[in-house]
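Undergrad: A predicted structure for the sequence below; I have some questions about it.
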Amino acid sequence: MGEHIAVLANPHAGKGRGAHAAAAAVEGLRAAGVDVRAYAGESPEDTARLAMQALSEEPAALVVVGGDGTLSGILELLIRNTVPVALVAAGTGNDLARALDLPRDDPGAAALLAVRGTPRSIDVGEVRSDIGTRLFLTVAALGFDAKVSDRTNRLRWPRGVLRYYLALLIELARLRPMAFRLSVDEESPWDAPGTLIAVGNTASYGGGMPVCVGAEADDGLLDVVHVRPIGRLRLILLFPSLLRARHLERREVAHRRARSVTVSAPGLVVYADGELVGAGTATISLRPAAITVLVPSEA
């Protein structure tokens, strides 16, 4: 393995914050005397191609500048390699960085973990469904929250966060219980109608909403949160509890840990790390200790 550090950036992450973060990351590493080779992808396909090139040159570490989706898009490549990863969070949610206590407002400090960080092996989530196999890092959302993400992606107007709010209002108006059929580990399937199911490798999604509070990225287990059928008002009233990480105490919320969960429902879609990762019948499991991330020594 070489002595250089590879920096792979998504300059479009976080509405353009990726470009600034990449420049700060490279500057910080070079100021520390590190030999840096920088790559900037212009699309997910380009990023994957450049990741393959960067890894083929055997860097001591790979610094990925972008959001959770940027990193999840190259997970198959990372799993097949032993190169440790330092994440410079430059996306919208940055929930993986939050879970691993990585610097989220200092790209230079985050990049320097490539030479000063402590290796931590973390699990990678896997979704096998009617659209194939996809990998994820944070929380797989099924139900109301996944429909909001799907609606947001399909809307062409307005731009920015207003599009998300419009999608939220549309799906809230269309709120209906989903006829989930659920199977956990080796148990027989059962009907589990509900508003949403969240399956977490880490605790939060959406930029810090701790839906799977207590989930750890390296415990070999998924946290499964099931919200039973509730009306619009009760769903709205659930959000303050969610933001305070107190929602698991409510009677309409069930929580358990598992190694695998299979979910089906008419019209089911699954979103994770900001991307569509499943549809139809989905089996969600883990690849334990699949990649190594460089984290602060006290993390």
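TA: It's in. Residues are numbered from 1 along each chain as shown.
Undergrad: list the buried ones in the longest strand along the chain?
TA: Ranked by number of residues, the top strand in the chain under DSSP state E is strand 282-295. Of the residues in strand 282-295, 282-287, 290-295 count as buried by neighbour count, 16 or more other Cβ atoms under 10 Å. C-beta here means a position set from N, CA and C on the backbone, and glycine is covered the same way.
Undergrad: ok, now stretch 174-185?
TA: Residues 178, 180-184 are the ones in stretch 174-185 that count as buried (16+ other Cβ under 10 Å).
Undergrad: Who's the closest spatial neighbour of Thr195, skipping the chain neighbours?
TA: Val227 (4.4 Å; Cβ to Cβ, 6 or more residues apart in numbering).
Undergrad: For the one you found, give its distance to Phe144.
TA: Applying Cβ to Cβ, to the nearest Å, the value for Val227 to Phe144 is 8 Å.
Undergrad: who does the helix or strand bottoming out on mean pLDDT in the chain touch, helix- and strand-wise?
TA: One helix or strand of the chain scores below all others by mean pLDDT, DSSP states H and E: helix 161-173, with a mean of 82. On a contact count with 3 or more Cβ pairs under 8 Å, 6 or more residues apart in numbering; DSSP states H and E, helix 161-173 meets helix 144-154, helix 232-243.
Undergrad: swap the cut-off to 7 Å and go again
TA: Judged by 3 or more Cβ pairs under 7 Å, 6 or more residues apart in numbering; DSSP states H and E, the packing partners of helix 161-173 are helix 144-154.
Undergrad: Look up the residues that both of Val227 and Phe144 are in contact with.
TA: Shared contacts of Val227 and Phe144, defined by Cβ atoms under 7 Å, 6 or more residues apart in numbering, are found at 195-196.
Undergrad: Domain ranges for the protein, per the record?
TA: 5-116, 126-290 (the TED database).
Undergrad: tally of neighbours for the nearest residue to Glu249 once chain neighbours are set aside?
TA: For Glu249, ignoring the flanking residues on the chain, the nearest one in space by Cβ to Cβ, 6+ apart is Ser241 at 7.6 Å. Other residues within reach of Ser241 by the criterion other Cβ atoms under 10 Å amount to 14.
Undergrad: got it, and Phe239?
TA: Phe239 has 11 neighbouring residues, counting by other Cβ under 10 Å.
Undergrad: isn't Leu8 right next to Val64, touching?
TA: Yes: Leu8 is in contact with Val64 according to Cβ atoms under 7 Å; the separation is 5.3 Å.
Undergrad: Contacts for the longest strand of the chain, please.
TA: By Cβ under 7 Å, 6+ apart, the surrounding residues in contact with strand 282-295 are 61, 78-79, 84-87, 100-102, 113-114, 117-129, 140, 199, 201, 218, 220, 222, 259-263, 268, 270.
Undergrad: again, 6 Å this time
TA: 78-79, 84-86, 100, 113, 117-129, 140, 199, 220, 260-263, 270 (Cβ atoms under 6 Å, 6 or more residues apart in numbering).
Undergrad: Stretch 192-200 now?
TA: 139-145, 177, 179-180, 182, 211-212, 215, 222-230, 261, 263, 284.
Undergrad: What about the buried residues of stretch 174-185, which are in strands?
TA: 181-184.
Undergrad: low-confidence ranges in the stretch 101-250 of the chain?
TA: Under the criterion pLDDT under 70, the flagged ranges of the stretch 101-250 of the chain are 160-161.
Undergrad: now do 80
TA: Applying pLDDT under 80 to the stretch 101-250 of the chain flags the ranges 153, 159-165.
Undergrad: buried residues in the least confident helix or strand of the chain?
TA: Neighbour counts using 16+ other Cβ under 10 Å place 163-164, 166-168, 171 of helix 161-173 among the buried residues.
Undergrad: what's the helix or strand for Pro119?
TA: Using DSSP states H and E, Pro119 sits within strand 118-129.
Undergrad: I'd like the distance from the helix or strand just after that strand to the chain centre, please.
TA: Using DSSP H and E, the helix or strand that follows strand 118-129 in sequence is strand 132-136. On the basis of Cα atoms, centre = their mean, to the nearest Å, strand 132-136 sits 12 Å off its chain's mean C-alpha point.
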